[in-house]
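Trainee: My questions concern the predicted model and sequence given below.
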Amino acid sequence: MSEILAGPALRHTDIYGAHIWIVLDHSANNIDVEVYDQNNNRIGHVSPQSQEPVKLGESLYFYLLKAVAHEDAFRFNTKYYYDINIDGKRLESFGLTNSDKPITYPNEPLPSFFIPALHKNTMHAACRKPHASAGDKNVFDKIRSADDIIGDNIAELDKRPSRILLTGDQIYADDVSIPMLVLVEELAVKLTGIKEELPPPASGQNRVIPADIKLGARKTIINKDIGFTTGEGEQHLISFGEYIVMYLLVWGGLTKHIEYKNYDAVKHQFAKTNFFTKRRYKRNLKIIQTFLDNSWQFRRVMANTPSYMIFDDHDVTDDWNLRENIADLLKENPLSRRVVSNALAAFWACQAWGNDPQRFAGIKEQLALWYGQKIPGADKTLEQTLLDQYWGYTVATTPALIVLDTRTQRYLKGNEFALMNDQAMDWLKRETTLLGQAYAGKSIILVSATPVFGFTPIEMVQIKIFKMHPVGMDVEPWIANKRSLEQLKKNLSLMPSVEHILICSGDVHYAFHRLEKDTQTVSGRTINYWQLTSTSTCNIPLGKKGRKIFSSLDSIVVWFQRNCLKAAKWALFNLFGIAILNHWLADKLRRYIDPRIEDKAFHRKKTRYLVPKEEQNQKKADFISADTNIGLIQVDNDGPTISTLHLGNEENAYIWTYDLRDPQEHI
């Protein structure tokens with residue numbers, strides 16, 4: 001009898017079908033989706049073409065079930081319930097609707113969905129790290145607030161979020177606590193049925209078996225010499241099974257398989273220990289227990305709300321394809337190539353397949369040949385397919401959704417950098433041209449993991465210091481390549497009806513809103529770019545002190561533009577701790593802070609941050625926050641109306657509300 005390992009999760013959904021992602025430990029003999037209206041009449045079933053699973057391990061069977069209406073299509077703006085029948089057992093029999101951690105909301109018999117003609121309410125979130133903590137206490141996981149928002153509006157379809165966008169770092173593959181790795185490693189071997197062996201990093205060396213590496217020793221193998229630059233790589237995920245298990249755990253699955261191990265049970269597995277090892281292990285064990293114990297709420301969110309998502313670097317490794325030399329090593333070194341391919345294969349199974357089932361379906365046979373059957377030689381073909389794939393996609397809804405892959409097809413030449421190369425831009429041009437032929441909406445939603453219009457002071461520092469000292473500087477703003485940014489605007493302008501482009505981004509670990517009015521790309525036409533940045537869902541917050549630092553940085557920009565060289569050097573040294581600021585940088589700094597030269601894109605007058613209603617009457621208004629948060633966007637047929645950021649922890653939760661019909665700018 002099959003067991004549900006993870007899911008169900010609603011993925012791409014329209015009137016012609018609701019796709020439901022679910023992972024079983026065995027192949028089902030019979031599997032069906034039963035769709036009901038609010039009068040308990042069955043009105044839908046599973047499409048037979050979607051009943052076949054993709055086997056990716058001895059006990060890993062991935063399904064993307066397509067529920068379709070008995071008659072032509074589902075109706076817009078109508079609430080439907082669904083159940084899944086697996087060999088005669090339904091969701092209730094699996095304990096998913098009648099437990100103390102159900103996937104249903106109070107007074108709801110089953111999970112539900114609806115398909116709006118207009119997506120009035122869209123949630124977005126990014127950056128969710130399991131062991132994020134402040135001292136010995138968990139950072140509050142704001143995905144739990146998303147669960148509350150859905151539950152509070154479960155019956156009010158005009159207010160209920162109709163989809164959630166996950167804009168990057170759904171997992172942290174390069175930053176894993178030791179108790180989490182112990183759990184992940186054990187389950188990876190159990191579910192895949194093998195101890196995966198990877199190619200050696202160099203000829204003459206042994207093949208790499210992740211399950212046999214001592215705890216805390218992975219960085220001796222996964223390091224900068226082969227393209228992995230993370231500073232937290234001692235527990236870096238390596239095997240396909242490890243990447244898969246991490247997704248299943250943080251999405252609220254594998255609940256019957258979780259067995260935590262105390263320090264005494266694993267101390268012999270450490271490469272080395274010190275006075276703090278035991279205390280640190282016990283602390284992190286408590287942190288991940290609390291995180292995973294509450295992840296059932298994310299499972300409920302995904303069971304009741306269609307999700308669309310894209311990776312950022314941590315889904316694979318920190319600073320993935322950051323620079324040319326890193327990208328080359330990750331593609332050319334045999335071990336690096338396999339680790340990245342494992343990450344992308346897990347991304348396909350847990351993210352990409354459900355984003356656009358038709359576009360990404362062709363890869364599943366290759367995945368099954370290698371991970372399911374271990375056919376000799378299938379790994380090489382699969383690696384090339386995964387590494388060559390562009391993972392962006394579009395969804396023809398209202399507002400239309402355009403999701404960019406800003407990681408795999410970059411322009412990297414020495415210190416020159418662009419998030420999308422010509423091939424990626426050609427893809428975007430084709431998609432927007434095609435969408436624009438039939439699209440009449442005034443708004444679209446663009447997902448870019450990195451903000452298109454960022455927080456200017458930090459971007460200024462990143463770019464200028466990167467030019468002076470490229471080694472070790474994490475710099476990925478769009479403005480780093482103005483030609484690429486202009487090409488992005490040009491391609492997006494190919495949708496003639498569009499007046500508003502709402503950009504959902506994560507990555508940077510702080511939240512803000514910004515408005516850019518583009519009157520130059522198309523003569524006589526204004527396109528409003530709304531940069532709506534929400535991050536992190538669960539990561540270490542800076543709190544009020546962090547908000548004050550950001551406000552201070554904004555003031556420093558004004559100092560820069562008055563040629564206050566002394567103040568600039570002092571601020572940079574004290575706020576960023578950059579030891580390289582010495583006398584030989586003086587000339588570069590003068591060019592950096594002089595508003596008459598070089599980069600007018602950074603001019604203070606061009607930066608239009610928005611101030612939330614709650615801050616507008618304050619003596620010194622905050623307009624940027626480093627507290628954990630999620631975002632919620634509201635639109636009507638004329639464009640965006642309200643955007644909210646839900647911020648803070650359980651004790652100090654607060655909301656920032658932005659009226660996008662009458663935006664208030666930070667002066």
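Mentor: Okay, I see it. Numbers count the residues shown, from 1 in each chain.

Trainee: Can you pull the poorly scored residue ranges out of this structure?
Mentor: Along the chain, the parts satisfying pLDDT under 70 run over 456-476, 541-607, 618-621, 667.

Trainee: Mind doing that once more with 50?
Mentor: 468-473, 557-563, 565-566, 569-570, 572-573, 575-605 (pLDDT under 50).

Trainee: Could you pull up phi and psi at the residue nearest the centre of the chain?
Mentor: Nearest residue to the geometric centre of the chain (CA atoms, centre = their mean): residue 168, 1.7 Å. In terms of degrees, to the nearest 10, the main-chain angles of residue 168 are phi 130, psi 150.

Trainee: how much space between it and residue 139?
Mentor: Separation of residue 168 from residue 139 (CB to CB, to the nearest Å) stands at 18 Å. The C-beta positions use only the backbone N, C-alpha and C, and glycine is treated the same way.

Trainee: ditto for residue 420
Mentor: 32 Å.

Trainee: do the same with residue 112
Mentor: Applying CB to CB, the value for residue 112 to residue 139 is 30 Å.

Trainee: what sits up against stretch 263-275?
Mentor: For stretch 263-275, the surrounding residues in contact (CB atoms under 8 Å, 6 or more residues apart in numbering) are 178, 182, 214-217, 277-278, 281-282, 285.

Trainee: let's see 7 Å
Mentor: Residues outside stretch 263-275 that contact it (CB atoms under 7 Å, 6 or more residues apart in numbering): 182, 214-217, 277-278, 281-282.

Trainee: Looking at those residues, which are in helices?
Mentor: 182, 277-278, 281-282 (DSSP state H).

Trainee: which of the residues you listed are buried?
Mentor: 182, 277, 281 (16 or more other CB atoms under 10 Å).

Trainee: Mind putting the ones in helices among the contacts of stretch 263-275 into TSV with distance to residue 442?
Mentor: Formatted as TSV, these follow (distance: CB to CB, whole Å):
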residue	distance to residue 442
182	52
277	58
278	59
281	54
282	55
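
Trainee: Could you pull up the residues touching residue 183?
Mentor: Taking CB under 7 Å, 6+ apart, we find residue 183 in contact with 258, 260.

Trainee: Against residue 303, how distant is it?
Mentor: To residue 303, residue 183 is 23 Å away according to CB to CB.

Trainee: Mind jotting down where the helices sit in the stretch 101-250 of the chain?
Mentor: Assigned by DSSP state H, counting those that start in this stretch, the helices in the stretch 101-250 of the chain fall at 143-152, 178-192, 240-250.

Trainee: Show me which residues of the longest one are buried.
Mentor: Right, the one you point to is helix 178-192. Across helix 178-192, burial judged by 16+ other CB under 10 Å covers 178-185, 187-192.

Trainee: Make sure residue 367 is actually in contact with residue 54.
Mentor: Yes: assessed by CB atoms under 7 Å, residue 367 is found in contact with residue 54 at 6.4 Å.

Trainee: Residue 191: what's it in contact with?
Mentor: Contacts of residue 191 (CB under 7 Å, 6+ apart): 57, 59-60, 241, 245.

Trainee: can you check residue 36 too?
Mentor: Residues near residue 36 by CB under 7 Å, 6+ apart: 42-43, 80-81.

Trainee: Mind doing that once more with 10 Å?
Mentor: Contact partners of residue 36, counting by CB atoms under 10 Å, 6 or more residues apart in numbering, are 42-44, 79-83, 109-110, 112.

Trainee: Over to residue 133?
Mentor: Residue 133 neighbours (CB under 10 Å, 6+ apart): 139, 177, 283-284, 286-288, 290-291, 538-540.

Trainee: 6 Å instead, please
Mentor: By CB atoms under 6 Å, 6 or more residues apart in numbering, the contact set of residue 133 is 139, 287.

Trainee: Who does it form a beta bridge with?
Mentor: residue 138 (DSSP bridges).

Trainee: State the distance from it to residue 539.
Mentor: For residue 133, the distance to residue 539 (CB to CB) stands at 10 Å.

Trainee: So which residues of the stretch 251-400 of the chain form helices?
Mentor: Going by DSSP H, counting those that start in this stretch, the stretch 251-400 of the chain shows helices at 263-266, 277-294, 296-304, 324-332, 334-347, 353-355, 357-360, 364-367, 378-388.

Trainee: how about the ones you listed, which one is nearest residue 661?
Mentor: Judged by CB to CB, the one of the helices of the stretch 251-400 of the chain that comes nearest to residue 661 is helix 296-304, at 28.4 Å.

Trainee: Return the distance of that closest one from the chain's centre.
Mentor: 16 Å (CA atoms, centre = their mean, to the nearest Å).

Trainee: which secondary structure elements does it contact?
Mentor: Where contact means 3 or more CB pairs under 6 Å, 6 or more residues apart in numbering; DSSP states H and E, helix 296-304 is packed against helix 143-152.

Trainee: Show me what the helix it packs on is packed up against.
Mentor: Identification of packing neighbours for helix 143-152 by 3+ CB pairs under 6 Å, 6+ apart yields helix 296-304.

Trainee: And the helices in the stretch 501-650 of the chain, which stretches?
Mentor: Remark: helices assigned in the stretch 501-650 of the chain by DSSP H, counting those that start in this stretch are 543-560, 565-576, 586-593.

Trainee: can you tell me the distance between the two ends of stretch 489-507?
Mentor: With CA to CA, to the nearest Å as the measure, stretch 489-507 spans 21 Å from end to end.

Trainee: actually stretch 364-376, sorry about that
Mentor: 17 Å.

Trainee: Repeat that for stretch 436-447.
Mentor: From its first residue to its last, stretch 436-447 covers 18 Å (CA to CA).

Trainee: Show me what counts as buried in it.
Mentor: Applying 16+ other CB under 10 Å to stretch 436-447 flags 436, 439, 441-447 as buried.

Trainee: Show me what it is in contact with.
Mentor: Identification of contacts with stretch 436-447 by CB under 6 Å, 6+ apart yields 165, 167, 310, 398-403, 494-504, 635, 639.

Trainee: Please apply the same query to stretch 355-362.
Mentor: So stretch 355-362 is contacted by 12, 19, 64, 308, 352-353, 393 (CB under 6 Å, 6+ apart).

Trainee: Show me which of the residues you listed is closest to residue 657.
Mentor: Closest to residue 657, out of all of these and judged by CB to CB, is residue 308, at 24.4 Å.

Trainee: how close does residue 41 sit to residue 84?
Mentor: Residue 41 sits 18 Å away from residue 84, taking CB to CB as the criterion.

Trainee: for residue 235, what are its contacts?
Mentor: Contact analysis of residue 235 by CB under 6 Å, 6+ apart lists 176, 178, 181.

Trainee: Can you add distance to residue 340 and give these back as JSON lines?
Mentor: Shown next, in JSON lines, are the contacts of residue 235 (distance: CB to CB, whole Å):
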{"residue": "176", "distance to residue 340": "17"}
{"residue": "178", "distance to residue 340": "23"}
{"residue": "181", "distance to residue 340": "19"}
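
Trainee: tell me which of the residues you listed is nearest to residue 665?
Mentor: residue 176 (41.4 Å).
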